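Q: Generate coordinates for the sequence data below:
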Amino acid sequence: MHEQLPNVGVWMLHRDLSRAPRFSLPPGYRMRFYHDGDLHTWLRIQATDPFSVPTAETFARSMPGDTLHLAARVMFLVDPLGADIGTITAWNNDHFNDCDIGQIHWVAIIPAAQGRGLAKPMLSAACDVLRTHGYAEACLETNTARIPALNLYPQFGFEPYVRDEAERNAWRTVAPRLKIGIAV
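A: Numbers count the residues shown, from 1 in each chain. Prediction:
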């Protein structure tokens with residue numbers, strides 16, 4: 001029987017986005033930016049995430065701004081048939097350690113498209129957007145039950161940013177299940 005993993009919210013920090021690797025999308029796939037009316041697309045994709053309960057209010061609260069601002073930060077992964085199958089946001093966080101840094105936010109790929117190596121190029125695109133907006137560092141929030149995400153982010157240079165002993169213990173619990181060793 002598998003041990004129940006803790007579902008603890010944790011933060012990760014990337015101290016130098018210029019060192020983040022770049023991955024290209026497979027042929028036929030592309031990224032596109034948000035346009036007016038994409039809220040429903042975002043909600044549909046996010047609703048496939050078992051750890052997420054997206055609502056229009058969640059979207060507005062976590063990504064405030066007009067359509068022009070959203071169109072520069074919220075991205076969608078489009079498959080070769082033209083269907084939106086993933087989303088990622090290159091946002092900012094002006095409260096992280098009392099400074100303004102980039103933030104990878106609201107990452108999701110529909111289950112039917114998972115396991116195809118699409119998360120790496122999607123994350124590459126978001127890191128590129130953050131660099132374009134002048135960010136040298138980035139943070140992200142995830143949880144310790146998301147083992148695939150916790151395996152992906154360190155490959156890009158994100159490291160655990162431990163705020164308290166509960167988070168340190170959660171990282172220690174999941175560390176043996178991760179492909180890349182982490183220091184906590």
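Q: Ile104: what's its closest spatial neighbour, skipping adjacent residues?
A: Leu140 (4.1 Å; Cβ to Cβ, 6 or more residues apart in numbering). To be clear about C-beta, it is placed using only N, CA and C from the backbone, and glycine gets the same treatment.
Q: helix or strand for that neighbour, which one?
A: For Leu140, the host element (DSSP states H and E) is strand 138-143.
Q: Same check on Ala126?
A: helix 119-132.
Q: elements contacting that helix?
A: strand 30-33, strand 74-78, strand 84-96, strand 99-109, helix 147-155 (3 or more Cβ pairs under 8 Å, 6 or more residues apart in numbering; DSSP states H and E).
Q: again, only using 7 Å
A: strand 74-78, strand 84-96, strand 99-109, helix 147-155 (3 or more Cβ pairs under 7 Å, 6 or more residues apart in numbering; DSSP states H and E).
Q: neighbouring strands for the second one, and are they parallel or not?
A: Strand 84-96 pairs in its sheet with strand 74-78 (antiparallel), strand 99-109 (antiparallel), by DSSP bridges.
Q: looking at those, which one has the lowest mean pLDDT?
A: Mean pLDDT values for the strands paired with strand 84-96 show the minimum at strand 99-109, a mean of 95.
Q: Pull the contacting residues for the residue nearest the centre of the chain.
A: The centroid of the chain falls nearest to Val107 when counting by Cα atoms, centre = their mean (3.8 Å). Val107 sits next to Ile88 when contact means Cβ atoms under 7 Å, 6 or more residues apart in numbering.
Q: let's go with 10 Å and repeat that
A: The contact partners of Val107, taken as Cβ atoms under 10 Å, 6 or more residues apart in numbering, are 46, 49, 52, 86-89, 119, 122-123, 126, 140, 142, 146, 149, 152-153.
Q: Now the buried members of those residues.
A: 46, 49, 86-89, 119, 122-123, 126, 140, 142, 146, 149, 152-153 (16 or more other Cβ atoms under 10 Å).
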